[in-house]
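Colleague: generate a structure from the sequence data that follows.
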Amino acid sequence: MTHAQIFSSPKVHGFISYTEELVADALIQTTLDPNVRALKFVSSFEMPGEPRLQDLILVRRREGLFELRIIRVGEVSLRRPEECRNSKLRIWTLIEEDIMATPKRQNARTIYSSRGVRVSVHLRMSILDAVGRRSVRLAVLTDRLASFANVDQAILHLAWVGALRLDGNGCLIGPFTLVSAVRT
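Modeller: This is a model prediction of the structure:
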């Protein structure tokens, strides 16, 4: 029997229980998506004039409200009857191959591993000030802030909480990764 684990992030309202690593990776990557505003597990969901849906992960994106669906290798996406109508709850599908792709999964996991890092207000402000309104290579940023201990972990943590965006250009996070501040 697989034991359920708990997922929480700055964008999750409450927590989301999961038993598969694939779901954890999908939730991590969804949290890091700049278009995602919030996630929430609901045991029951009903919109006026539509049938009740059960056990959903809802994702609030800039474009509206979505049900998160994860499609595993060899699995066919099952269509709900209400998908044929003009439903306000749209489907946002993540495919296992994309979730597990290298380096996307490794980068997301690296950022996720920093979730418990404590960052002082002074270091947080110094990082955001050093980035400013432009993109800065990670190596340049860490050199500029070398007087601080664990600045690399602090940068990853700020990416986890949504204050920074890291762009590896399809590569693993490293010295040439571009760091930019998230503008709301």
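
Colleague: every contact and neighbour count from this point should use C-alpha atoms.
Modeller: Noted.

Colleague: can you classify the residue in the chain sticking out farthest from the centre by secondary structure?
Modeller: Distance from the centre of the chain peaks at residue 49, with 31.7 Å (Cα atoms, centre = their mean). With DSSP: H, G, I helix; E, B strand; the rest coil as the basis, residue 49 sits in coil.

Colleague: how much space separates it from residue 147?
Modeller: 60 Å (Cα to Cα, to the nearest Å).

Colleague: swap in residue 10?
Modeller: Distance from residue 10 to residue 147, by Cα to Cα: 28 Å.

Colleague: please apply the same query to residue 23.
Modeller: 38 Å.

Colleague: these two: which has the busier surroundings?
Modeller: residue 23 (19 against 9; other Cα atoms under 10 Å).

Colleague: on the three-state scheme, the residue nearest to the spatial centre of the chain is what?
Modeller: The chain has residue 31 as the residue nearest its centroid, 2.0 Å off, counting by Cα atoms, centre = their mean. Put simply, residue 31 is helix when judged by three-state DSSP.

Colleague: leaving out chain neighbours, which residue sits closest to it?
Modeller: Excluding its sequence neighbours, the residue lying closest to residue 31 (Cα to Cα, 6 or more residues apart in numbering) is residue 11, at 6.2 Å.

Colleague: phi, psi for that neighbour please.
Modeller: phi -100, psi -10 (degrees, to the nearest 10).

Colleague: what about it, neighbour count?
Modeller: Based on other Cα under 10 Å, the number of other residues close to residue 11 is 20.

Colleague: shouldn't it be in contact with residue 37?
Modeller: Yes - with contact defined as Cα atoms under 8 Å, residue 11 reaches residue 37; the gap is 6.4 Å.

Colleague: low-confidence stretches in the chain?
Modeller: 1, 76-87, 184 (pLDDT under 70).

Colleague: how about the strands in it?
Modeller: Secondary structure of the chain (DSSP state E): strands located at 5-7, 16-18, 36-45, 53-61, 64-71, 90-95, 136-137, 164-167, 178-181.

Colleague: tell me which residues in the longest one are buried?
Modeller: When you say that, I think you mean strand 36-45. Buried positions in strand 36-45, judged by neighbour count with 16 or more other Cα atoms under 10 Å: 36, 37, 38, 39, 40, 41.

Colleague: same question, stretch 10-27
Modeller: Under 16+ other Cα under 10 Å, the buried positions of stretch 10-27 are 11, 12, 16, 18, 22, 23, 24, 25, 26, 27.

Colleague: just how off-centre is it within its chain?
Modeller: Centroid displacement of stretch 10-27 relative to its chain, using Cα atoms, centre = their mean, to the nearest Å, is 10 Å.

Colleague: can you check stretch 10-30 too?
Modeller: Centroid separation for stretch 10-30 versus its chain: 9 Å, with Cα atoms, centre = their mean.
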